[in-house]
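Asker: Fold the stuff below for me.
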Amino acid sequence: MEELPWMGLGLSTNLGPRDRPDPWRLHDARPDLFDFVEYSAPLSLEAARASAARMEVLLARRDDLPAIFHPVHLNLWGPELEPAADLAALRDHLRAVGSPWVGNDVGWWHRRGVPFPGHLYVAPPFDTRGVEQCAAHAAHVQAAIDVPLLLENPAVLHRDGGMHVLDFLAALHARTGCGILLDLGHLLAWQLVHGLPPTAGLDGFPLEGVVEIHVAGG
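Answerer: From the prediction side, this is the model:
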């Protein structure tokens, strides 16, 4: 995996007009509090500008508050690979923002451009078949963009397949060479639902492959 910049501590946002806190107002008041903003928005920059109220602020302020793009509705599993036009839009979006990488939950987010409601997605089967299917999606996306793709452990309450979510993610990392985005909220939900201690599955997990960690949220 190529060497990536140290980004520090980030604050996430959906760029909504009423999202609290406002990252840029908070950064103006306390510039030492955090180092970058991670935002969720559509793959297309044009769609993001049309639907995300604070997208223009993000673009105008990216020199003093760097941004990392965490898209919505990027399929990393499912019956069909992402269309070339959508991946070209993602590539242009990443270039415009200067995002050093892009990460997303490994799952099936939309069917032929129609998203599942409520930002919901379907997690892959946690078995060797699922690893191979997700690896094909990851390779397809990575080949179309200029920055590294990170694979995030999805929020899963129902398991299809016998692997622990961390074993699945480790196998997918080994298969693709993609970096890992480790979501601790998603991991804790998995452990609680399956009656496991919070650290179950971490022994032998390739922590050296973790590029980013989500430490708050659902």
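Asker: C-alpha only now, for contacts and for neighbours.
Answerer: Noted.
Asker: helices and strands around the longest helix seen in the chain, which ones?
Answerer: For the chain, the helix that runs over the most residues, judged by DSSP state H, is helix 128-144. Helix 128-144 sits against helix 84-97, strand 149-152, helix 165-176, with contacts defined as 3 or more C-alpha pairs under 8 Å, 6 or more residues apart in numbering; DSSP states H and E.
Asker: Other residues contacting the second one?
Answerer: Spelled out, it's strand 149-152. By C-alpha atoms under 8 Å, 6 or more residues apart in numbering, the surrounding residues in contact with strand 149-152 are 101-106, 138, 141-142, 169, 173, 178-183, 211.
Asker: Just the terminal-to-terminal distance for stretch 199-214.
Answerer: End-to-end span of stretch 199-214 (C-alpha to C-alpha, to the nearest Å): 16 Å.
Asker: Give me the buried positions along it.
Answerer: Across stretch 199-214, burial judged by 16 or more other C-alpha atoms under 10 Å covers 206, 209-212.
Asker: Scan the helices and strands of the chain for the one with the lowest mean pLDDT.
Answerer: The weakest-scoring helix or strand in the chain, judged by mean pLDDT, DSSP states H and E, is strand 114-115 (a mean of 88).
Asker: Now do that one: which elements does it pack against?
Answerer: Partner elements for strand 114-115 (3+ C-alpha pairs under 8 Å, 6+ apart): none found.
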